[in-house]
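coordinates only, no sequence provided:
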């Protein structure tokens, strides 16, 4: 979560509420935890797929319409991957979004029954929490407000992340104490997942977002706070032409069927022969 994510992507709505009975029932039906108010919450950071708004760093080589179609597939595969992990251990999946009116536009792109929580960043924050950090903090706070023992924020740009990494994050947190934090680093210096047992707001403070220092800065902050940080297996996010080429060639990790179908129908493998910008 280091690139292609800015506060402006999430709008400006301040909203908080309890998970409704209908959302709880839908979450159970989707294969998540028997008790959505316990276990580990995983919130996928999301924005509505829209041409000229989604995955803009993939244009070129993609057109804005192709990038939006791929973004929608990433979102469906990521939320379905969370559902798959919930069949292994005590996980409840959410989508963290903004603005408030975006639920209807988002839902067709989510695993069925995925509840939504607001994450626009329009909440009180400690000094130094700025930009995308406000959105991450808002999402984490909302997940804990729903009664979960642990909470993780997850990038929607890692559609092939192995399901085992999500299950491992939850299991490590649920076995730890309130000092425990888990971090899944990306190859570009960002992170795909950050999870904790209790809210540590300062993990989001004084971070230079959209840079290759995000993961290292978060590790340093965890150490300064005296937290017990455990690393998850590294993975890659897809946010530029080089990482797109890796996705097109890679067959490892989660199957990501929606993403693979978009790659096939749009014939995206043609871009493997195209020069990659430095």
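Perfect, I can see it now. Predicted, not measured: the structure shown is a model, and the values here were computed from it.

the stretch 1-150 of the chain: helices as residue ranges?
21-29, 64-86, 103-106, 132-145 (DSSP state H, counting those that start in this stretch).

and the longest one, which residues are buried?
Neighbour counts over helix 64-86 (16 or more other C-beta atoms under 10 Å) mark 64, 66-86 as buried. Yep, even glycine has a C-beta here, placed from its N, CA and C like the rest.

any stretches of the stretch 1-150 of the chain with poor pLDDT?
Applying pLDDT under 70 to the stretch 1-150 of the chain flags residues 2-37.

one more time with 80
Filtered on pLDDT under 80, the stretch 1-150 of the chain yields the residue ranges 1-38, 99-100.

and residue 229, how close does it get to residue 206?
17 Å (C-beta to C-beta, to the nearest Å).

who has more neighbours, these two?
Neighbours around residue 229 and residue 206, counted as other C-beta atoms under 10 Å, are more numerous at residue 229. The numbers are 19 against 14.

helix, strand, or coil at that one?
Secondary structure, DSSP: H, G, I helix; E, B strand; the rest coil: residue 229 is strand.

that one touches residue 223, doesn't it?
Yes: the pair residue 229 and residue 223 qualifies as a contact (C-beta atoms under 8 Å) at a distance of 7.2 Å.

picking up where we left off before, turn the helices of the stretch 1-150 of the chain into CSV, including distance to residue 159.
Listed next are the helices of the stretch 1-150 of the chain as CSV, based on distance: least, C-beta to C-beta, whole Å:
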stretch, distance to residue 159
helix 21-29, 21
helix 64-86, 4
helix 103-106, 16
helix 132-145, 19
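
of all these, which lies closest to residue 269?
helix 64-86 (12.7 Å; C-beta to C-beta).

if you count contacts, what does that closest one end up packed against?
Contact partners of helix 64-86 among helices and strands, from 3 or more C-beta pairs under 8 Å, 6 or more residues apart in numbering; DSSP states H and E: strand 40-45, strand 91-97, helix 163-175, helix 257-265.

possible to save those as CSV with distance to residue 141 and mean neighbour count?
Formatted as CSV, the helices and strands packed on helix 64-86 follow (distance: least, C-beta to C-beta, whole Å; neighbours: other C-beta atoms under 10 Å):
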stretch, distance to residue 141, mean neighbour count
strand 40-45, 10, 28
strand 91-97, 10, 29
helix 163-175, 16, 21
helix 257-265, 30, 16
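
so which of those comes closest to residue 52?
Evaluated over the helices and strands packed on helix 64-86, closeness to residue 52 peaks at helix 257-265, with 17.8 Å, by C-beta to C-beta.

residues making contact with the closest one?
The contact list for helix 257-265 (C-beta atoms under 8 Å, 6 or more residues apart in numbering) reads 69-70, 72-74, 76-77, 80, 159-160, 247-248, 268-269.

do stretch 170-180 as well
Against stretch 170-180 from outside (C-beta under 8 Å, 6+ apart): 39-40, 42, 85, 89-91, 149-150, 152, 182, 195-198, 226-228, 230.

ok, now with 7 Å
39-40, 89-91, 149-150, 182, 195, 197-198, 226-228, 230 (C-beta atoms under 7 Å, 6 or more residues apart in numbering).

no more questions from me, cheers.
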